[in-house]
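Engineer: When you get a sec, could you give me coordinates for this:
(one chain, ligands or ions: 1)
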Amino acid sequence: IQADALAAVAAATDERSLDDARVAFLGKKGSLTLASAGMKDLPNDQKPIMGQALNVARTAITQAIDEKKAALESEADKKSVEGIDLTLPGRELLQGGLHPLTLVKDRAVSILRRMGFALADGPEIETEYHCFDALNTPDDHPARNEKDTFYFDSGKLLRTHTSSVQIRTMEKASAPVRIIAPGSAYRRDEIDATHLSVFNQLEGLYVDKDVKLGDLKGTLEYFLRAMFGTDTEVRFRPHFFPFTEPSFEIDVKLHVKGQEPKWIEVAGCGMVDPAVFSSVSEQRKDDAFDPENVTGFAFGMGIDRLAMIQYGIKDIRLLIENDARFLQQFA
Ligand code: PHE
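Structural biologist: Numbers count the residues shown, from 1 in each chain. Below you'll find the model as predicted:
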């Protein structure tokens, strides 16, 4: 029996035929089991001898089956994982997250929408009219210079600010207007720690009867405190823009770990210059934005600068380098 069993085990080529062999010899009706059952018919003096022989056979067969089983398994493993080390830890799946600029923009937009501003937009490839002329920018203004602005052969340009959306909006809407327009702007600036040549602005425009400078100041101070906390330090510096009068630049204190806090400019703003309403009215050929009837304020914030304040980033270039070590801090 033992010899037959060992031959059957050796001949097994898969788990199934191995199990068939096990059943044939060791199963309930297997030949070794039947032989054990037949022991009771033997004369007493032969029982121990037969018993021992059967035990030896059972041990040998069981061991042969176990070894064969292990051999079949390892062979199957080898086939299925050729070249793969199953003991290596799995590769971690990296999870993406929103870019800090997106996080800051989304928050700014949500605060301003709560304050009653609706979203608006306009093209990034703009006409000189929408980017400069309608915004009361004289022909010889430095911002129009080819050195500062990306021009196309067609005479169109990459908008240098989102203020063109002010004009685009007033061409179609009627007062009161209360819009914000986040988007990209382009300048041929030297790139440094606070300047990029492609950057992100958030334009705001509020036009109605009787909008006053106090509305501008209150709105922007409220916004900046909602954004950065009630103890945010903000200052308005008189400035000049062709399309607002009076005009201001707004600075906010930037706190970077381990460094002296410093003021950085985050926005330009001012009361809409009546000349802007005049160009819009001339174009529309109606009095919806007649400077006799409406006043307004406008602002243009640098979203990249807001992100610097929000997260204490001292170099604006980190925002475009896509260094995973930087970005992972915001995931
Ligand atoms: N367009 C100006 C700039 O890019 C900012 C600004 C917007 C100023 C609206 C006043 C009003 O610098």
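
Engineer: Helix, strand, or coil at the residue positioned nearest the centre of the chain?
Structural biologist: By CA atoms, centre = their mean, the chain has its centre lying nearest to L98, at 2.4 Å. Under DSSP: H, G, I helix; E, B strand; the rest coil, L98 falls in the coil class.

Engineer: and the gap between the closest residue to it other than its chain neighbours and M227?
Structural biologist: Once flanking residues are discounted, L98 sits nearest to F330: 7.1 Å by CB to CB, 6 or more residues apart in numbering. Where you see a C-beta, it was placed from the backbone N, CA and C, and this is true even at glycine. Note on F330: its distance to M227, by CB to CB, to the nearest Å, is 16 Å.

Engineer: Of those two, which one has the most company?
Structural biologist: Using other CB atoms under 10 Å as the criterion, F330 and M227 rank with M227 on top: 19 against 15.

Engineer: Just to check, that one is in contact with Q310?
Structural biologist: Yes - judged on CB atoms under 8 Å, M227 makes contact with Q310 at a distance of 7.3 Å.

Engineer: Flag every residue of the stretch 101-250 of the chain that's near the ligand.
Structural biologist: Taking CB under 6 Å from any ligand atom as the contact definition, the stretch 101-250 of the chain meets the ligand at H161, S163, F241, T244, S247.

Engineer: Need those residues in a markdown table (columns: distance to K68).
Structural biologist: Output for these, formatted as a markdown table (distance: CB to CB, whole Å):
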| residue | distance to K68 |
| --- | --- |
| H161 | 80 |
| S163 | 82 |
| F241 | 88 |
| T244 | 89 |
| S247 | 90 |
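
Engineer: for the helix or strand encompassing T33, packing partners?
Structural biologist: Assigned by DSSP states H and E, T33 belongs to helix 31-37. When contacts are defined as 3 or more CB pairs under 8 Å, 6 or more residues apart in numbering; DSSP states H and E, helix 31-37 sits against helix 2-11, helix 15-26, helix 47-80.

Engineer: tell me the secondary structure for P182?
Structural biologist: Under three-state DSSP, P182 comes out as strand.

Engineer: what sits against it?
Structural biologist: Counting by CB atoms under 8 Å, 6 or more residues apart in numbering, P182 touches K105, A108, V109, L119, T162, N200, Q201, L202, E203, I303.

Engineer: out of those, which are inside helices?
Structural biologist: Applying DSSP state H to the contacts of P182, the entries found in helices are K105, A108, V109, I303.

Engineer: Enumerate every residue touching the closest residue to E126 other than its chain neighbours.
Structural biologist: Leaving aside its chain neighbours, E126 sits nearest to R159 (4.2 Å; criterion: CB to CB, 6+ apart). By CB under 8 Å, 6+ apart, the contact set of R159 is G122, P123, E124, I125, E126, H130, C131, A185, Y186.

Engineer: again, 6 Å this time
Structural biologist: E124, E126, C131, A185 (CB atoms under 6 Å, 6 or more residues apart in numbering).

Engineer: Over to I1?
Structural biologist: S31, L32, A57.

Engineer: mind checking the SS state of Q328?
Structural biologist: Assigned with three-state DSSP, Q328 falls in the helix class.

Engineer: What distance do you get for it to R237?
Structural biologist: From Q328 across to R237, the span is 36 Å (CB to CB).

Engineer: now the spatially closest residue to R305 that is not a sequence neighbour, what's its secondary structure?
Structural biologist: Residue nearest to R305 in three dimensions, not counting chain neighbours: V266, with 4.5 Å by CB to CB, 6+ apart. On the three-state scheme (three-state DSSP), V266 is labelled strand.

Engineer: Point out where this protein drops to low pLDDT.
Structural biologist: Confidence mapping of the chain against pLDDT under 70 gives the ranges 81-82.

Engineer: switch the cut-off to 80
Structural biologist: Residues of the chain meeting the criterion pLDDT under 80: 76-86, 331.

Engineer: quick revisit: hang on, the residue nearest to L98 packs against L101?
Structural biologist: No - the criterion here is CB atoms under 6 Å, and F330 misses it with L101 at 9.6 Å.

Engineer: Which single residue of the stretch 101-250 of the chain ends up nearest the ligand?
Structural biologist: Closest to the ligand within the stretch 101-250 of the chain is H161: 3.4 Å, counting by CB to the nearest ligand atom.

Engineer: Strands of the stretch 201-331 of the chain, start to end?
Structural biologist: Assigned by DSSP state E, counting those that start in this stretch, the stretch 201-331 of the chain shows strands spanning 234-241, 244-254, 262-272, 295-302.

Engineer: Out of those strands, indicate the one that is most buried.
Structural biologist: strand 295-302 (a mean of 24; mean count of other CB atoms under 10 Å).
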